[in-house]
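# turn this into a model:
(2 chains)
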Protein chains: 2
Amino acid sequence: MTTISNGVNVQALLDAREALKGAPEAAEFTWKATSKWQNGVHSTVSIQGFHGLGQEQSHKEESVFAADHPEVFAAEDNGITPIEYLLVGLASCLTAGVASVAQNRGIQLRSVESTVEGKHDIRGILGADSDVRNGFNDIKVTFHIDADATKQEIEALVAQSQKRSAVFDALTNPTDVTVAVA
Amino acid sequence: MTTISNGVNVQALLDAREALKGAPEAAEFTWKATSKWQNGVHSTVSIQGFHGLGQEQSHKEESVFAADHPEVFAAEDNGITPIEYLLVGLASCLTAGVASVAQNRGIQLRSVESTVEGKHDIRGILGADSDVRNGFNDIKVTFHIDADATKQEIEALVAQSQKRSAVFDALTNPTDVTVAVA
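Residues are numbered from 1 along each chain as shown, chains lettered A, B, ... in the order given. The predicted structure is shown next:
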């Protein structure tokens, strides 16, 4: 039997699952971002610290992201649009899930690529038609996976990834978002 | 009367609103991302092209984003987590809205900062408790705004931004997401 490796430490995740069953407060994470307006619709958002396992945590480095609107919206295109960041999160979450599930099932992956398309009728955000929602109408994700597995096993990997995906859940189900002025 | 400028071309947006009322097909945008698995739960996501105003469009440059899990999840922390990208999108979308609405209302902004916190019980994604959802439990956004306006006017800016925000809608209301294997 050859050892397969997709680079995911599944044992650590299974151990964490068992440990957190008895310590629910340690499982309560808070992810944080801070945003700074630059000019026009251009802003930068920084991420480094978060809370979890009962204490303050930190990514190794601070990450800074630029968001703007494209030139066809009469803006400067200093970065991708805010709504495109949701597609970044969705693609990467499902991909991480595919790798983790494959590792757990002993399936060697060779390549995992996906394309994500979010349909968006911009009459909503422009206020041109109050019957049009502001967000995406729908999102379609298509995976191209090369692995030592049957088509059926690959489809099962993707289905299980979807079932455990934080971002898939956040986009397909409502979340309470509170916005306040300090 | 002094001219205020927040750098937002509001006239272009108002013109687009009127133009798209009579051309709904031009208002149908498709935002696109392509993802590539690297190793473990590390992936990279690229964004450049999109469709809108009846034709293929492109950001000036390609943007590439890394996603990974932090070291406390036994991963390499080569980038922020997928779910944190949702906070980047939310913060930047609401900030763009504040700038646009302020411009439209003749309010000069001096600074707009926000902090976003997403509560996330990771027992969901780990499969430790099937009653815990995979996504955020809730998200809180706090704005700090310095502007030539009363507290009440500033609160109204933020409320209107929220009302027209693509990402706020995408997170607070469900979207149909289809995941397929090619």
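# might you calculate how far the longest helix along chain A sits from the centre of the chain?
Ranked by residue count and defined by DSSP state H, the top helix of chain A is helix A:82-105. Distance, stretch centre to chain centre, for helix A:82-105: 6 Å (CA atoms, centre = their mean, to the nearest Å).
# what mean pLDDT does it get?
Helix A:82-105 carries an average pLDDT of 98.
# tell me which element A:Ile145 falls in.
strand A:138-147 (DSSP states H and E).
# could you pull out the buried residues of that strand?
By neighbour count on 16 or more other CB atoms under 10 Å in any protein chain shown, the buried set for strand A:138-147 is A:139, A:141, A:143, A:145, A:147. Quick note: C-beta positions are derived from backbone N, CA and C, even for glycine.
# ok, and which of the residues you listed reach chain B?
With CB under 8 Å from any CB of the partner chain as the criterion, the members of these in contact with chain B are A:139, A:141, A:143, A:145.
# give the bridge partners for the last one, please.
Right, the one you point to is A:Ile145. Beta-bridge partners for A:Ile145, by DSSP bridges, are A:Val112.
# surely it touches A:Ile107?
No - in this structure A:Ile145 lies outside contact range of A:Ile107 using CB atoms under 8 Å: 9.7 Å.
# quick check: neighbours shared by those two?
A:Leu157 (CB atoms under 8 Å, 6 or more residues apart in numbering or on different chains).
# with just CA atoms, put the longest helix of chain A into PDB.
This file holds the C-alpha atoms of helix A:82-105, laid out as PDB (Å, rounded to 0.1, in the frame of the first residue of the first chain):
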ATOM      1  CA  PRO A  82     -16.000  43.700  -2.900                       C
ATOM      2  CA  ILE A  83     -18.400  41.100  -4.200                       C
ATOM      3  CA  GLU A  84     -15.600  39.300  -6.100                       C
ATOM      4  CA  TYR A  85     -14.000  38.700  -2.700                       C
ATOM      5  CA  LEU A  86     -16.900  36.400  -1.900                       C
ATOM      6  CA  LEU A  87     -15.900  34.200  -4.900                       C
ATOM      7  CA  VAL A  88     -12.300  34.100  -3.700                       C
ATOM      8  CA  GLY A  89     -13.600  32.800  -0.300                       C
ATOM      9  CA  LEU A  90     -15.900  30.200  -1.900                       C
ATOM     10  CA  ALA A  91     -13.400  28.800  -4.300                       C
ATOM     11  CA  SER A  92     -10.700  28.400  -1.700                       C
ATOM     12  CA  CYS A  93     -13.000  27.000   0.900                       C
ATOM     13  CA  LEU A  94     -14.300  24.300  -1.300                       C
ATOM     14  CA  THR A  95     -10.800  23.500  -2.600                       C
ATOM     15  CA  ALA A  96      -9.500  23.100   1.000                       C
ATOM     16  CA  GLY A  97     -12.400  20.800   1.700                       C
ATOM     17  CA  VAL A  98     -11.600  18.700  -1.400                       C
ATOM     18  CA  ALA A  99      -8.000  18.300  -0.200                       C
ATOM     19  CA  SER A 100      -9.000  17.400   3.400                       C
ATOM     20  CA  VAL A 101     -11.600  14.900   2.400                       C
ATOM     21  CA  ALA A 102      -9.400  13.300  -0.200                       C
ATOM     22  CA  GLN A 103      -6.600  12.900   2.500                       C
ATOM     23  CA  ASN A 104      -9.100  11.400   4.900                       C
ATOM     24  CA  ARG A 105     -10.300   8.900   2.300                       C
END
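# what angle separates it from strand A:138-147?
Angle of helix A:82-105 versus strand A:138-147, following axes from the mean of the first three to the mean of the last three CA atoms, to 10 degrees, is 30 degrees.
# hmm, the helix or strand bottoming out on mean pLDDT in chain A touching chain B?
Every helix and strand of chain A was ranked by mean pLDDT, DSSP states H and E. The lowest is helix A:10-21, at a mean of 92. Yes - Helix A:10-21 is in contact with chain B by CB under 8 Å from any CB, via A:12-13, A:16-18, A:20-21.
# please apply the same query to stretch A:35-54.
Yes - remark: stretch A:35-54 sits within contact range of chain B at A:35-37, A:39-43, A:45, A:47, A:50, A:52-53, by CB under 8 Å from any CB.
# list buried residues within the residues of helix A:10-21 next to chain B.
If you count burial by 16+ other CB under 10 Å, the buried members of the residues of helix A:10-21 next to chain B come out as A:13, A:16-17, A:20.
# so which of these is the closest to chain B?
A:Arg17 (4.3 Å; CB to the nearest CB).
# I'd say the closest one and B:Ala128 touch.
Yes - at 4.7 Å, A:Arg17 and B:Ala128 qualify as touching, with contact defined as CB under 8 Å.
# no further questions, thank you.
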